[in-house]
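Engineer: Pasting the sequence and the predicted coordinates here, then a few questions.
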Amino acid sequence: MRYFFKSRRFKIAAAILSVLILASVVAHVAGGMLSPQQSIIGSIISPFQSAFTSISNFFKDLNRDINGSEGLARENAELKNEIDRLTSSLLDYEAAVSENEFLRDYLEMKDNNIDFEFLDAKLISRDSDDLFGSFTVNKGSLHGVSVYDPVIDSSGLIGYVSEVGASYCKVVTVLSPDISVAAFDRRTGDLGVLSGTLTAVENGNTRLGNLSRNCSVAIGDYIVTSGGGIFPDGMLIGTVSAVGNDYNSLIYAYVKPAADLENLRDVMIITYFSGQTNLGGE
């Protein structure tokens, strides 16, 4: 708006306004002194007086609109600040609820597994080049983490630690071909070996292979770890989503992980459990 008052149009309008003001004053002063024969001057001046009134009203309206716009701008700014404050409060609340849920699950798992030593950790980055969902968390050797330590959340097995730094570690998930887990069907007891494949991961699954031709594995069955290695016994991996035959006529099953691997934020690293085999030698 400030550019309008510096424009050529405004300067012309101001000059005309000055002339009209002068003419109006002259008409007012002379109005009582003019004879009837001289009233023609009033007729000449009258249109200018009307124009002056219109222009004056225009500038009054303009000033009112400017003040109104400034008021709306202030009100909008105040509303935006209030929205930002409420949004920040909501995010803080959601973070607090998530943290409380995690702590509750953490304490419940400690109660149910008294021989486990847990370390809570937060996901800090994902490997965008890895199709199998590997990621990095904010705990490392300074916190007691070793290679091959199991990584879980309250839903089930996530994977294991594949690399350790001083203050971070990398985790491969159960979707990866790098992982090999002895597992069984909790309903039927059928044993197999779980490892990821390119075909399985296309639908967010991992693969349970080496199942007997006579196995009774079915869709919806729960698959759990059988222990005796780097993973504790009875740790839930996921549910069977499909069953098929491989080239050796052996049965395999696709398993949907119980843990929500795409939306992980907080995890638990098991730094020790009874019967743990530490293949990392650390």
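Structural biologist: Received, thanks.

Engineer: in this structure, which spans are helices?
Structural biologist: Along the chain, counting by DSSP state H, helices occupy 2-5, 8-31, 40-112, 198-201.

Engineer: For the last one, C-alpha coordinates in PDB please.
Structural biologist: What follows is helix 198-201, C-alpha atoms only, in PDB (Å, rounded to 0.1, in the frame of the first residue of the first chain):
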ATOM      1  CA  LEU A 198      13.700 -61.100  -2.700                       C
ATOM      2  CA  THR A 199      10.400 -62.700  -3.600                       C
ATOM      3  CA  ALA A 200       9.100 -62.800   0.000                       C
ATOM      4  CA  VAL A 201      10.000 -59.200   0.800                       C
END
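
Engineer: which parts of it are buried?
Structural biologist: 200-201 (16 or more other CB atoms under 10 Å). (Glycine included, C-beta is placed from N, CA and C.)

Engineer: what's in contact with it?
Structural biologist: By CB atoms under 8 Å, 6 or more residues apart in numbering, the list of residues contacting helix 198-201 from outside reads 131-132, 175, 177, 206-207, 254.

Engineer: Those into a markdown table, with extra columns for pLDDT?
Structural biologist: Shown next, in a markdown table, are the contacts of helix 198-201 (pLDDT from 0 to 100):
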| residue | pLDDT |
| --- | --- |
| 131 | 93 |
| 132 | 96 |
| 175 | 97 |
| 177 | 96 |
| 206 | 97 |
| 207 | 96 |
| 254 | 97 |
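
Engineer: most neighbours, which of those?
Structural biologist: Within the contacts of helix 198-201, most neighbours by other CB atoms under 10 Å means residue 206, with 29 neighbours.

Engineer: and that residue, bridged to which residues?
Structural biologist: Going by DSSP bridges, residue 206 is paired in beta bridges with residue 255.

Engineer: so it makes contact with residue 174?
Structural biologist: Yes - with contact defined as CB atoms under 8 Å, residue 206 and residue 174 form a contacting pair (5.0 Å).

Engineer: what's the closest of the contacts of helix 198-201 to residue 217?
Structural biologist: Closest approach to residue 217 among those (CB to CB): residue 254, at 10.6 Å.
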